[in-house]
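Peer 1: Give me coordinates for this.
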Amino acid sequence: MNEMLMEKCDAQYSDIIHVDKSGRLIFVHGQHVKMSAELYRIFLMLYENREQVIPSEEIYRDIFPEREMCPNFLSVYVCRLRKKLEQYGVEDWIQSVHGVGYRLYFPSQKKNGQDSLQ
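Peer 2: Numbers count the residues shown, from 1 in each chain. Sure thing, here's the model as predicted:
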């Protein structure tokens with residue numbers, strides 16, 4: 001995602017989601033979301049590459065480099081991350097792209113089938 005689009009996206013959603021990388025903290029609607037280091041790293045990877053599909057293998061290698069690839073292992077963590085975000089009113093932001101991977105997508109950006117930030 002180009003830098004200008006990223007800044008626009010950050011500004012538009014800064015009141016919903018804020019990431020403090022130096023403190024390794026995530027805030028949703030101003031509330032600190034407590035999560036494991038693995039969930040934080042998955043979220044951060046998706047957040048830093050939002051709107052882009054990140055292949056499951058890439059996420060897996062980055063988050064769990066010491067583990068042998070197991071297809072369901074990552075999906076369990078993504079499910080936990082979704083449930084964690086849902087507790088704070090953020091639903092459907094992590095999309096599964098069948099056979100490829102995952103992406104963080106802000107649903108309210110979509111209008112009449114078009115991305116409003118394009």
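
Peer 1: just the strands in the protein please.
Peer 2: Listed in chain order, the strands of the chain (DSSP state E) span 17-20, 25-28, 31-32, 54-55, 94-97, 101-104, 110-111, 114-115.

Peer 1: For Phe73, find the nearest of these.
Peer 2: Closest of those to Phe73 is strand 101-104, at 13.5 Å (criterion: Cβ to Cβ). In this view, the C-beta of every residue, glycine as well, is placed from N, C-alpha and C.

Peer 1: which of the strands of the chain is buried the deepest?
Peer 2: Of all those, strand 101-104 carries the top mean neighbour count, a mean of 20, counting by mean count of other Cβ atoms under 10 Å.

Peer 1: For Phe27, list the residues it contacts.
Peer 2: Ile17, His18, Val19, Asp20, Val33 (Cβ atoms under 8 Å, 6 or more residues apart in numbering).

Peer 1: With Met45 instead?
Peer 2: Counting by Cβ under 8 Å, 6+ apart, Met45 makes contact with Ile54, Ile59, Asp62, Ile63.

Peer 1: Could you tell me which of the residues you listed count as buried?
Peer 2: Those of those that meet the buried threshold are Ile54, Ile59, Ile63, by 16 or more other Cβ atoms under 10 Å.

Peer 1: so who does the second one touch?
Peer 2: So the one you mean is Ile59. Counted by Cβ under 8 Å, 6+ apart, Ile59 has contacts Ile42, Met45, Leu74, Gly101, Tyr102.

Peer 1: for the last one, same thing?
Peer 2: The contact partners of Ile63, by Cβ under 8 Å, 6+ apart, come to Glu38, Arg41, Ile42, Met45, Leu74, Tyr77.

Peer 1: If you rank the residues you listed by neighbours, which is first?
Peer 2: Of all the contacts of Ile63, Ile42 has the most neighbours under the rule other Cβ atoms under 10 Å, reaching 26 neighbours.
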